[in-house]
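[1] Below are the sequence and a predicted model; questions follow.
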Amino acid sequence: MLTSLATILQELQRAEAAKLAKENIQHAPTIGAMYEGLTRELLDRAIPPALDVRVVSGFVEGHDGQLGPQTDAMLVTGEGKPVPYTSDFVWPIQNVLAVFEVKKNLYGADLDDAFQKLRTINHMFVAYAQSAKPLFDLNPAFHAFARLTGRYPKSPATVSQLSEEWQAFYHLLVMEQVGPIRVILGYEGYVDEAGLRQGFADYLEENNEARGFGLGSYPNLIICRKNSLLKMNGQPYISALEKGWWIALVSNHENPIRILLELIWTRLSFQFQKYIPMDDTLQLERLAPFLLTRIVAVEPAIAWELQHYELDKKELAAIPSAQWAPREVDIDESVIMMQVAQKGELDVRSRGFRTYAKEEGVDPDAAIAKLVADGLLAWVDEHHVRPMTQAGLITAFMPSGQTIVTGEDELAAMWMMEQLGSREKKSKKGPS
């Protein structure tokens, strides 16, 4: 459903933007208003029906009553206050789900303007969270932290027992989950993926010494034409740490509307605790690493170290797309996974586990480490592992003899249907 809708919305966006470009209007505010109106129309069509969600423009109101900068579009829930004699609204920060800054031409000055506005709104939400101390369901942040680090804390209380570095990762992911999604959308501007990457890298370099340019201040998504920069914050996109480095930002040159819908629908599913069917294809987004970060000690505290992953046009073009497939496990791994699934957790010191591994000639520590590295298990503490996903794991024994394990039920169902369909076609053809 998601990919099909994204394709429809992308075609609509292209067609309507082409019409706007032909309008003989020179008044800059009116030109901006036309593109902002088109964006709100697209967002309206992207919201699943029957949810208490609206698309409005206006101002975000902080917990202290102060107003943020005027916004081009906001995805909101609950109730706001109309601005008299306008179509704008004032909306309380706690009920703002996403904020959009729309630019007809996205280059350095407009990028800075949008970045600054979205950063202000992010700071307003942080102030609200610190002052009001609202209660949130933090399971999505726990899951994102586990996917990033291979560690799944039992509760927020146990997070305080982690190292400063792990705590910094965790608290950033919490704010990324509960704060408004922040999007910069440019209809024209940087011509291609390489240009957008270089433009944002230059912007960050220009502000390298400035305050307020930490990783948490970056937008979740920057779109320009059909290219985008995406923050890998676990909602839903993320990758595991590699030698301590986190791929924090990636780029894409396909359909940015698909990525935008993934962000919005993921947030809506958590916000309203409703199942929203997401995937209708096994084709994965092609994500090119752009900005890497790791946490380093800088006495008397810690800091984020950033590294620009440079790729030229030829290297970007050579990055292949891929299709999702579940992890195939061998017999020993499948036994381990079934034990974890049955008990919810596995004590890797247990006599039964160690005896089985010895009898089968399996290195138990290496086997567990491989399953953690492949994102099927996560460490709860020094001695216990659990399934990576909250919903548990699916194990399937395929007619081909494969045994597969995954926590992605929708994708697994599509993959299995595809495999069975392919097998049926081969059987009808008969031996060659």
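    Thanks, I have the structure now. Residues are numbered from 1 along each chain as shown.
[2] quick one, strands of the stretch 201-350 of the chain?
    Secondary structure of the stretch 201-350 of the chain (DSSP state E, counting those that start in this stretch): strands at 221-224, 227-231, 246-252, 288-298, 301-308, 327-328, 346-347.
[3] which parts of the fifth one are buried?
    For strand 301-308, the neighbour count (16 or more other C-beta atoms under 10 Å) marks Trp304, Leu306, His308 as buried. No exception for glycine: its C-beta is placed from N, CA and C like everyone else's.
[4] do the same with the third one
    By 16+ other C-beta under 10 Å, the buried positions in strand 246-252 come out as Trp246, Ile247, Ala248, Leu249, Val250, Ser251, Asn252.
[5] Save those residues as TSV, and put in distance to Val329 and pLDDT too.
    TSV is the format used below for the buried residues of strand 246-252 (distance: C-beta to C-beta, whole Å; pLDDT from 0 to 100):
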residue	distance to Val329	pLDDT
Trp246	27	96
Ile247	26	97
Ala248	30	97
Leu249	32	98
Val250	28	98
Ser251	33	98
Asn252	30	98
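[6] Show me what Leu67 is bridged to.
    Glu61 (DSSP bridges).
[7] So what touches the helix or strand hosting Thr158?
    Thr158 belongs to helix 156-159 when assigned by DSSP states H and E. Residues outside helix 156-159 that contact it (C-beta atoms under 8 Å, 6 or more residues apart in numbering): Leu138, Pro153, Trp166, Gln167, Tyr170, Asp381.
[8] can you do 7 Å?
    Leu138, Pro153, Gln167, Tyr170 (C-beta atoms under 7 Å, 6 or more residues apart in numbering).
[9] measure the third one to Thr149 for me?
    When C-beta to C-beta, to the nearest Å is applied, the distance between Gln167 and Thr149 equals 11 Å.
[10] quick one: common contacting residues for those two?
    Joint contacts of Gln167 and Thr149 (C-beta under 7 Å, 6+ apart) do not exist.
[11] the more surrounded of the two?
    More neighbours surround Thr149 than the other of Gln167 and Thr149, with 21 against 15 (other C-beta atoms under 10 Å).
[12] who's in contact with Ala46?
    Neighbour list for Ala46: Leu9, Leu261, Ile264 [criterion: C-beta under 7 Å, 6+ apart].
[13] didn't the second one look like it was pressed against Ala6?
    When you say that, I think you mean Leu261. Yes: counting by C-beta atoms under 7 Å, Ala6 is a contact partner of Leu261 at 5.3 Å.
[14] Let's test this: name the helix or strand in this protein with the lowest mean pLDDT.
    helix 409-429 (a mean of 79; mean pLDDT, DSSP states H and E).
[15] buried ones in that helix?
    By neighbour count with 16+ other C-beta under 10 Å, helix 409-429 contains the buried residues Leu411, Ala412, Met414, Trp415, Gln419.
[16] ditto for stretch 55-68
    Val55, Val56, Ser57, Gly58, Phe59, Val60, Glu61, Gly62, His63, Gly68.
[17] and it, what's its mean pLDDT?
    The average pLDDT for stretch 55-68 rounds to 97.
[18] all helices for the chain, in order.
    Remark: helices assigned in the chain by DSSP state H are 2-21, 28-46, 108-132, 139-149, 156-159, 164-178, 193-206, 256-272, 313-318, 331-343, 351-360, 364-373, 409-429.
[19] so how far is the shortest one from its chain's centroid?
    So that's helix 156-159. Here the centre of mass of C-alpha atoms in helix 156-159, compared against the chain's by C-alpha atoms, centre = their mean, to the nearest Å, lies 23 Å away.
[20] Can you list the buried residues in that helix?
    Those would be Val159, for helix 156-159 by 16+ other C-beta under 10 Å.
[21] Stretch 106-121 now?
    Quick answer for stretch 106-121 (16+ other C-beta under 10 Å): Leu106, Tyr107, Asp110, Leu111, Ala114, Phe115, Lys117, Leu118, Arg119, Ile121.
[22] Not counting its neighbours along the chain, what's nearest Val76?
    Take Val76 and drop its neighbours on the chain: the residue closest to it by C-beta to C-beta, 6 or more residues apart in numbering is Trp91, 4.9 Å away.
[23] Surely that neighbour and Leu75 touch.
    No: assessed by C-beta under 7 Å, Trp91 is found out of contact with Leu75, at 10.0 Å.
[24] Could you chop the protein up by domain?
    If you go by automatic domain parsing, the domain ranges for the chain are 2-318, 327-427.
[25] ranking the ones you listed by mean pLDDT, which is last?
    domain 327-427 (a mean of 88).
[26] what residues are up against Gln66?
    With C-beta under 7 Å, 6+ apart, Gln66 has no contacts at all.
[27] Distance of it relative to Tyr128?
    11 Å.
[28] Got the confidence number for Gly430?
    In this model, Gly430 carries a pLDDT of 62.
[29] Could you number the chain from 19 rather than 1 from now on?
    Got it, the first residue is 19 from now on, which makes the last one we talked about Gly448.
[30] how close does Ala396 get to Ala385?
    Distance from Ala396 to Ala385, counting by C-beta to C-beta: 15 Å.
[31] who has more neighbours, the two?
    Ala396 (23 against 20).
[32] so Gln112 touches Tyr146, yeah?
    Yes: contact criterion C-beta under 7 Å: Gln112 and Tyr146 qualify, at 6.0 Å.
[33] the more surrounded of these two?
    Legend: neighbour count by other C-beta under 10 Å for Gln112 and Tyr146, higher for Tyr146 (21 against 17).
[34] quick one, what contacts the residue nearest to that one when sequence neighbours are not counted?
    Distance criterion C-beta to C-beta, 6+ apart; nearest residue to Tyr146, sequence neighbours excluded, is His81 at 4.2 Å. Residues in contact with His81 (C-beta under 7 Å, 6+ apart) are Ile111, Ala145, Tyr146, Ser149, Ala150.
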